[in-house]
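# coords please:
(one chain, ligands or ions: 2)
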Amino acid sequence: MQLYNSLSHKKEEFVPHEEGRVNMYTCGPTVYHYAHIGNLRSYIMEDILEKALRFEGYDVNRVMNITDVGHLTSDGDTGDDKMLKGAKREHKTVMEIAKFYTDAFFGDCEKLNIKKPETVVPATTYIDEFIRVISVLMDKGYAYEAGGNIYFDTSKLEKYYVFNDFNEEDLAVGVREGVEADENKRNKADFVLWFTKSKFDDQELKWDSPWGIGYPGWHIECSCISMKNNGEYLDIHCGGIDNAFPHHTNEIAQSEAYLGHKWCNYWFHVLHLNTNSGKMSKSKGEFLTVSLLEEKGYKPVVYRFFCLQSHYRKSLVFTWENLDNAVVAYNKLIEKIAPLTKESGDIDRAEYDRLMTAFREALDNDINTAMAITVVYDVMKSKANAATKLALIAKFDEVLGLDLIANAKELAENAGAASADIPAEVMELAEQRKAARKDKNFALADELRDKIAALGYEIKETRQGTEINKL
Ligand code: AMP
Ligand code: ZN
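Ligands and ions are numbered 1, 2, ... in the order given. Below you'll find the model as predicted:
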């Protein structure tokens, strides 16, 4: 499988550390609010990556954190504590909102056919582990105490800006966010591992540590949760592109300093979902959720289809018009698959293998989901029989997760149920028309079709036979 690697800026052949097994880590949500459909774009594409790896026969050990402490609004060490902000907004405790939005997140994932990772770890359950790893970083000389907090010393690294040759001035966290620089930091890029001197006097969650009562920084959470559950050698680390800096850059710095060797080989970053006014973000306040899509009458799975129609490394613009186009395309596809669900037959092996190879090649080409969807259309256009087409689509949908077969079956059954309501007079005319067509008396067949239309029904010949619908 070829995967684009943000570390090397090119597509590479994917080779895991251990043959047949992939250790994969995903940055989980910060549970102070609902996930927006932008966040969910990242999780949909990461879900496809996991399923594509499984499709290739890999055993995937996927780990995700839940950020319920330590994430500040700047992504660095400045701004408000996101969880505290959420708790205040809703007059609840931090743990109450963490539980509520964690459940809401997995509820949304289920609706979008995003599989829950095997291991999901809320950061607040790993405090001892964070303290242990920070202590090792202190012992090794990679961390220092200043003004009561513990900082990672980026000057101790050969290379800190691993994803790009960034201009330090542009990207140093304090400068980037336009807020005051932290006087305690020895270097601009240094970041907090443990906060004790919190500027948040009302910080609700605090734990004892060798450096005083406080709480962990956001970045150390992911490093520790991954190293504990994926082991010392991580194959793929995923996240939205905004996480590449500073979050993932800091994860690499501290993990490799701790381990003393390279940590993760492949970095998979999903580009953003944007609206016409820019990146969709929770902090802007106004954002779209899965529930909102449902309220407006959209099936969540259609949003997944919308995401799969474009490549994960291209930013995607969300407009209602674009989503409506996806609805039309999705429904058309379901209508085409529906008649197949009523047929049976033997699998045409040659066609099956040819189209399966095309699908696999699309996924192996850096998870080209748009191409994979094109292969679904190729299946529908192919000369294969219904059983072969259905078997292929069912198999593809194990990765695509679009409920193609279930929705096609439902449509076919509803169409059958609808015909039960058709008046006897129309059914009688339909029978006469069938006989006329058999006799090749097309003039009479047309006349009977018009009579049926005058009674308010439309009659169509399909591959499945005759279809009658109310006009
Ligand atoms: P958060 O809950 O803010 O920690 O973000 C959860 C995930 O969503 C992270 O992987 C982010 O990089 C990703 N993300 C945030 N905004 C967007 C967006 N507009 N489009 C795609 N992914 C996003
Ligand atoms: Zn993370």
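# And the residue of the stretch 151-300 of the chain that's closest to ligand 1?
Across the stretch 151-300 of the chain, the shortest distance to ligand 1 (Cβ to the nearest ligand atom) belongs to Gly240, at 2.1 Å. Quick note: C-beta positions are derived from backbone N, CA and C, even for glycine.
# Contact residues of this structure facing ligand 1?
27, 29-30, 38-39, 41-42, 67, 239-240, 242-243, 270, 272-273, 279-282 (Cβ under 6 Å from any ligand atom).
# Just the buried residues of these.
27, 29-30, 38-39, 41-42, 67, 239-240, 242-243, 270, 272-273, 280, 282 (16 or more other Cβ atoms under 10 Å).
# neighbours around Thr388, how many?
Residues lying near Thr388 (other Cβ atoms under 10 Å) number 22.
# Quick one: residues contacting Ile134.
Taking Cβ atoms under 8 Å, 6 or more residues apart in numbering as the contact definition, Ile134 lies against Ala143, Ile150, Leu193, Trp194, Ser209, Pro216, Ile220.
# Does Asn407 touch Lys336 like I think?
No: Asn407 lies out of contact with Lys336 (Cβ atoms under 8 Å); the separation is 11.7 Å.
# nearest residue to the residue of the stretch 151-300 of the chain closest to ligand 1 other than its sequence neighbours?
Closest residue to Gly240 apart from its sequence neighbours, by Cβ to Cβ, 6 or more residues apart in numbering: Ser42 at 4.3 Å.
# and what of Ser315?
Leu271 (4.4 Å).
# Return the subset of the buried ones among the residues of the chain next to ligand 1 lying in helices.
Gly38, Asn39, Arg41, Ser42 (DSSP state H).
# okay if I get these as CSV plus pLDDT and distance to Leu112?
As requested, those are exported to CSV (pLDDT from 0 to 100; distance: Cβ to Cβ, whole Å):
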residue, pLDDT, distance to Leu112
Gly38, 96, 13
Asn39, 96, 11
Arg41, 98, 10
Ser42, 98, 12
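# from those, which are also near ligand 2?
Checked against ligand 2 using Cβ under 5 Å from the ion, these give no members in range.
# As CSV, these with distance to Asp378 would be great.
Formatted as CSV, these follow (distance: Cβ to Cβ, whole Å):
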residue, distance to Asp378
Gly38, 31
Asn39, 32
Arg41, 25
Ser42, 28
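# Among those residues, which one lies nearest to ligand 2?
Set against ligand 2, the nearest of those by Cβ to the ion is Ser42 (11.6 Å).
# ok, now how distant is the closest one from Met371?
For Ser42, the distance to Met371 (Cβ to Cβ, to the nearest Å) stands at 20 Å.
# Ok, Pro29 next?
29 Å.
# go on, His17?
28 Å.
# Which positions within stretch 143-152 qualify as buried?
Going by neighbour count (16+ other Cβ under 10 Å), the buried part of stretch 143-152 is Ala143, Tyr144, Glu145, Ala146, Asn149, Ile150, Tyr151, Phe152.
# in the sheet, who's paired with the fifth one?
Using DSSP bridges, the bridge partners assigned to Asn149 are Ala146.
# Would you mind putting the CA coordinates of stretch 430-444 into CSV?
Taking Å, rounded to 0.1, in the frame of the first residue of the first chain, the C-alpha atoms of stretch 430-444 are listed here in CSV:
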residue,chain,number,x,y,z
ALA,A,430,-50.7,-3.7,-16.7
GLU,A,431,-51.4,-7.4,-17.4
GLN,A,432,-53.0,-6.5,-20.8
ARG,A,433,-49.9,-4.4,-21.6
LYS,A,434,-47.6,-7.2,-20.7
ALA,A,435,-49.5,-9.5,-23.1
ALA,A,436,-49.4,-6.8,-25.8
ARG,A,437,-45.7,-6.5,-25.5
LYS,A,438,-45.2,-10.2,-25.6
ASP,A,439,-47.2,-10.1,-28.9
LYS,A,440,-44.9,-7.3,-30.1
ASN,A,441,-48.1,-5.1,-30.4
PHE,A,442,-46.3,-2.0,-29.3
ALA,A,443,-49.0,0.4,-30.4
LEU,A,444,-51.4,-1.3,-28.1
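# Number of residues surrounding Ala350?
10.
# Which of the helices or strands spans it?
Using DSSP states H and E, the element containing Ala350 is helix 349-364.
# got it, and Met64?
Going by DSSP H and E, Met64 is part of strand 59-66.
# my guess is Leu84 contacts Val94, does it?
Yes: counting by Cβ under 8 Å, Leu84 touches Val94, with 6.5 Å between them.
# Now for the two: what residues contact both?
Glu204.
# Show me where the stretch 51-200 of the chain dips below the pLDDT cut-off.
For the stretch 51-200 of the chain, the stretches with pLDDT under 70 are 74-76, 78-79, 165-180, 198-200.
# Report how many residues lie close to the residue nearest to Phe55 when sequence neighbours are not counted.
Computed as Cβ to Cβ, 6+ apart, the closest residue to Phe55 that is not its neighbour in sequence is Val399, at 5.2 Å. Residues within reach of Val399, counting by other Cβ under 10 Å, total 25.
# List of residues touching the helix or strand that Val399 is a member of?
Element membership of Val399 [criterion: DSSP H and E] is helix 386-400. Outside helix 386-400, the residues within contact range by Cβ under 8 Å, 6+ apart are 48, 51-52, 55, 308, 337, 339-341, 343-348, 351-352, 355-356, 359, 363, 369, 372-373, 375-376, 379-380, 382, 384, 403-405.
# Contact partners for the residue in the stretch 201-350 of the chain that ligand 2 sits nearest to?
Closest residue of the stretch 201-350 of the chain to ligand 2, Cβ to the ion: Cys222 (3.1 Å). For Cys222, the contact set (Cβ under 8 Å, 6+ apart) comprises Tyr25, Cys27, Asn65, His247, Glu251.
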